[in-house]
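> 3D model of this:
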Amino acid sequence: MMAQSSSVGPVGAATGYRPSGTLPFLAEFRRQASRRRTQLALGFMVLLPLIILVAFQFDAGDDDRNGRNEFASLVDLATSGGLNFTLFSIFVSSSFLLVVVVALFCGDTVASEASWGSLRYLLAVPVPRARLLTVKLLVALAYSALALVLLAGTALLAGTLRYGWSPLRSQVSAELAPADGLVRLLAVLGYLAVVLLVVAGLAFLLSVTTDAALGAVGGAVLLWILSSILDQITALGALRAFLPTHFSSAWLGLLSTPVQTDDVVRGAISAIAYATLFWGLAYWRFTRKDVTS
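Numbering: from 1, shown residues only. As a prediction, the model looks like this:
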């Protein structure tokens, strides 16, 4: 009797099944692009520099200069050129807005699937759990990076058209030629991207822990704020250096003359260590989790 052909592979999988071929990156990227929260978040990154630009147009020039504070002096610098306007936009966004956006992309990615009840169907395709997490994490990081680029790119374009292509000036450095200033800004963006990996890791960990997307996003933001508050308590002494937010403003050293990179290096190492820890815990938790939603 001739043996019947089998559609089952040697390890029990269907013939032709490749785990690496499930849930392609581009398919997930396009699916996330169609979501309203992605469109609104990226749209606001483009809109914010334009809102700041319009707000500057309504700034009354006859205000009492003697009563102006340090923030007002930053506004004066922001209107002196496109590079300075970009630096100002990054400055006002880095401590909260960008944290929220990164937490949104990374905290909503898995928890939203669980809340919709579609997560178990993705795993039944079957998509290996580690691959599902990897693809979703990479897509979330890609959109987080895109948000950062859109914010800086829009600010640079709008600021240059309105205020011209002028040297970069700040309160911590001498005047920098436009080409040098652009390189410094790119370095600042790179460092911010590394620091925000901590938020991405924390939000992603919470996303695989809870079925409530809002809880994952809000939890990551609140913990970041809590770390920022603790970092202001000088009584903690050297313990503050172990907080994930301690070196979040070290990018200012990239604008100084000469460049100060000691805290930048420490901040990058700290951020990568925390992000790796949170991502490792996320994989450990999800691969052992009983997914029922």
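> quick one: the strands in the stretch 151-293 of the chain?
Remark: strands assigned in the stretch 151-293 of the chain by DSSP state E, counting those that start in this stretch are 168-170, 173-176.
> which residues does the longest one contact?
The contact list for strand 173-176, computed with C-beta atoms under 8 Å, 6 or more residues apart in numbering, reads 167-169, 184, 255-257. C-betas here are computed from N, CA, C, even on glycine.
> what of stretch 80-91?
Outside stretch 80-91, the residues touching it (C-beta under 8 Å, 6+ apart) are 48-49, 52-53, 74-75, 77-79, 151-152, 155-170, 178, 181-182, 185, 188-189, 192, 255.
> now list the buried members of these.
Neighbour counting by 16 or more other C-beta atoms under 10 Å classes 48-49, 52-53, 74, 77-79, 151-152, 155-156, 158-160, 163, 166-170, 178, 181-182, 185, 188-189, 192, 255 among these as buried.
> any idea how far V217 lies from R37?
Taking C-beta to C-beta, to the nearest Å as the measure, V217 falls 10 Å from R37.
> identify the contacts common to those two.
Shared between the contact lists of V217 and R37 (criterion: C-beta under 8 Å, 6+ apart) are residues 104, 108.
> more neighbours, these two?
Neighbour comparison, V217 and R37: the larger count goes to V217, with 25 against 14 (by other C-beta atoms under 10 Å).
> quick one: that one and A203 touch, right?
Yes. In this structure V217 lies within contact range of A203 using C-beta atoms under 8 Å: 6.3 Å.
> quick check: neighbours shared by these two?
With C-beta under 8 Å, 6+ apart as the test, V217 and A203 both reach 103-104, 107.
> helices and strands around the helix of greatest length in the chain, which ones?
When the chain is parsed with DSSP state H, its longest helix is helix 129-163. With contacts taken as 3 or more C-beta pairs under 8 Å, 6 or more residues apart in numbering; DSSP states H and E, helix 129-163 sits against helix 25-33, helix 36-57, helix 82-94, helix 97-116, helix 119-123, helix 178-209, helix 262-287.
> quick check: which of those helices is nearest to W251?
For W251, the closest of these is helix 178-209, at 4.6 Å, according to C-beta to C-beta.
> what's that closest one packed up against?
Using 3+ C-beta pairs under 8 Å, 6+ apart: helix 178-209 touches helix 82-94, helix 97-116, helix 129-163, strand 168-170, helix 213-231, helix 262-287.
> what residue lies at the spatial centre of this protein?
Central residue of the chain (C-alpha atoms, centre = their mean): V102, 3.7 Å from the mean position.
> L192 contacts A250, doesn't it?
No. Using C-beta under 8 Å as the test, L192 is too far from A250 to be in contact (10.1 Å).
> what residues are up against the closest residue in space to L151 that isn't next to it in sequence?
Spatial nearest neighbour of L151, chain neighbours left out: M45 (4.5 Å); criterion: C-beta to C-beta, 6 or more residues apart in numbering. Neighbouring residues of M45 by C-beta under 8 Å, 6+ apart: 101, 147-148, 150-151, 154.
> okay, now the unreliable bits of this protein?
1-22, 59-74, 115-125, 171-173, 289-293 (pLDDT under 70).
> kindly recompute the last result at 50.
1-12, 65-67 (pLDDT under 50).
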